[in-house]
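A.B. asks: structure for this input, please:
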Amino acid sequence: MNEQNNRAIPDFEGYSPFEMHHILHFTFESNSPIILQKLADSDFFKCPMFNLVKYYLDLVKNLGEIKLTAKGFLPTKIVQDIYNKGFLEEYQFSSGISKLYKETDSLTVNLTKLLAELAGFTKKRNGKLSLTKTGERIASNNHELFELIFKTMTQKFSWAFYDGYEDQQFGQFGFGFSLILLSKYGAEKRLDNFYSGKYFKAFPQFLDSITPTYGTVEEYASHCYSVRTFQRFLSFFGLIEIEKQGIGLDRKIFIKKTELFDKLIKVRPHNTRYKTQG
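C.D. replies: Okay, the predicted model is just below:
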């Protein structure tokens with residue numbers, strides 16, 4: 001059994017079933033080949049999502065508390081203040097198609113608030129939002145703050161929250177495998193479907209679980225994977241560059257990892273010396 005669990009699987013990029021189990025369920029723990037490295041202080045500020053959450057926590061700290069709207073959202077003035085810092089741009093506002101009025105207009109501001117809440121940095125009481133003791137303590141510790149934001153985004157927040165795709169899991173399930181793929185292939189600019197192809201080769205069960213509303217199963221699944229993994233995760237953390245060519249369904253999306261990616265993510269090769277229980 002040990003030998004079976006430790007054999008290299010081509011569809012897993014040469015990793016074993018034992019390693020894949022840890023990639024999927026214990027992504028940053030010792031038996032996983034993925035290592036989350038400590039960044040230098042200057043590197044944290046290359047991460048838009050980190051900047052957003054840090055600014056938001058500092059804002060709440062300085063104000064003491066924020067009175068939420070009747071529906072529990074941030075007031076318009078606070079929403080505009082956070083967005084206008086320019087950490088992440090949203091096309092509908094930068095192009096002038098829409099104006100920003102409320103929290104739910106902006107994916108990035110809404111996500112910032114949700115991540116802070118899920119990570120335990122903020123609390124709501126009697127219609128007012130304030131920092132928790134954890135939030136107060138961690139706001140000035142860049143390393144701990146970044147790691148908690150990153151782990152909350154990957155392991156607590158549902159990537160399906162902002163899209164209409166019916167499968168809640170794909171993209172987020174096995175996000176560690178996507179990190180391995182980027183580490184291995186990301187130095188060269190490649191089409192997003194290069195990565196989705198490898199992802200669905202490793203996890204073919206997802207292709208059987210969907211009914212596309214446009215295109216083929218592969219095209220539909222690839223687009224969902226690209227939106228969730230690249231456009232709303234890795235790019236938000238400054239770990240990839242995205243280049244778009246063309247429009248509509250014919251649009252091509254190219255992906256390349258950034259210098260920050262290699263500073264943050266280290267990947268060990270397949271290790272046959274792992275001990276498994278058989």
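
A.B. asks: hang on, isn't Phe26 packed against Ser32?
C.D. replies: Yes: taking contact to mean CB atoms under 8 Å, the distance of 5.6 Å between Phe26 and Ser32 places them in contact. Quick note: C-beta positions are derived from backbone N, CA and C, even for glycine.

A.B. asks: neighbour count winner among those two?
C.D. replies: Comparing Phe26 with Ser32 by neighbour count (other CB atoms under 10 Å), the higher total belongs to Ser32, at 22 against 13.

A.B. asks: tell me the secondary structure at that one.
C.D. replies: Following DSSP: H, G, I helix; E, B strand; the rest coil, we place Ser32 in the coil state.

A.B. asks: per-residue pLDDT, the residue positioned nearest the centre of the chain?
C.D. replies: Compute the mean C-alpha point of the chain, and by CA atoms, centre = their mean the closest residue is Phe233, 2.9 Å away. Model confidence at Phe233, given as pLDDT, is 97.

A.B. asks: mind listing what it touches?
C.D. replies: 153-154, 159, 171, 175 (CB atoms under 8 Å, 6 or more residues apart in numbering).

A.B. asks: any buried residues in the lowest-mean-pLDDT helix or strand in the chain, and which?
C.D. replies: Comparing helices and strands within the chain by mean pLDDT, DSSP states H and E singles out helix 2-6 as the least confident, with a mean of 79. Buried residues in helix 2-6, counted by 16 or more other CB atoms under 10 Å: 5-6.

A.B. asks: give me the distance between Asp262 and Asp43.
C.D. replies: Taking CB to CB, to the nearest Å as the measure, Asp262 and Asp43 are separated by 11 Å.

A.B. asks: sorry, that was for Val267
C.D. replies: Spatial separation of Val267 from Asp43 under the definition CB to CB is 18 Å.

A.B. asks: tell me what the lengthiest helix in the chain is packed against?
C.D. replies: Of all the elements of type helix in the chain, the one with the most residues (DSSP state H) is helix 48-63. Other helices and strands packing on helix 48-63, by 3 or more CB pairs under 8 Å, 6 or more residues apart in numbering; DSSP states H and E, are helix 76-83, helix 107-118, strand 128-131, helix 133-138, helix 142-155.

A.B. asks: how about residues contacting the third one?
C.D. replies: It stands for strand 128-131. Residues external to strand 128-131 that are found in contact with it (CB under 8 Å, 6+ apart): 57, 60-61, 64-68, 74, 121-123, 139.

A.B. asks: mind redoing it with 10 Å?
C.D. replies: Strand 128-131 is touched from outside by 57-58, 60-61, 63-68, 72-74, 78, 113, 116-117, 121-124, 136-139, with contacts defined as CB atoms under 10 Å, 6 or more residues apart in numbering.

A.B. asks: picking that back up, tell me, what's touching Phe26 and Ser32 both at once?
C.D. replies: The contact sets of Phe26 and Ser32 overlap at Gly176 (CB under 10 Å, 6+ apart).

A.B. asks: flag the shaky bits of the chain, pLDDT-wise.
C.D. replies: 1, 249, 272-278 (pLDDT under 70).

A.B. asks: could you measure from Lys184 over to Lys198?
C.D. replies: Spatial separation of Lys184 from Lys198 under the definition CB to CB is 9 Å.

A.B. asks: what is the burial count for the closest residue to Arg190 other than its chain neighbours?
C.D. replies: Nearest-residue entry for Arg190: Ile255, 6.0 Å, with adjacent residues in sequence omitted and distances by CB to CB, 6 or more residues apart in numbering. Ile255 is surrounded by 26 other residues when neighbours are defined as other CB under 10 Å.
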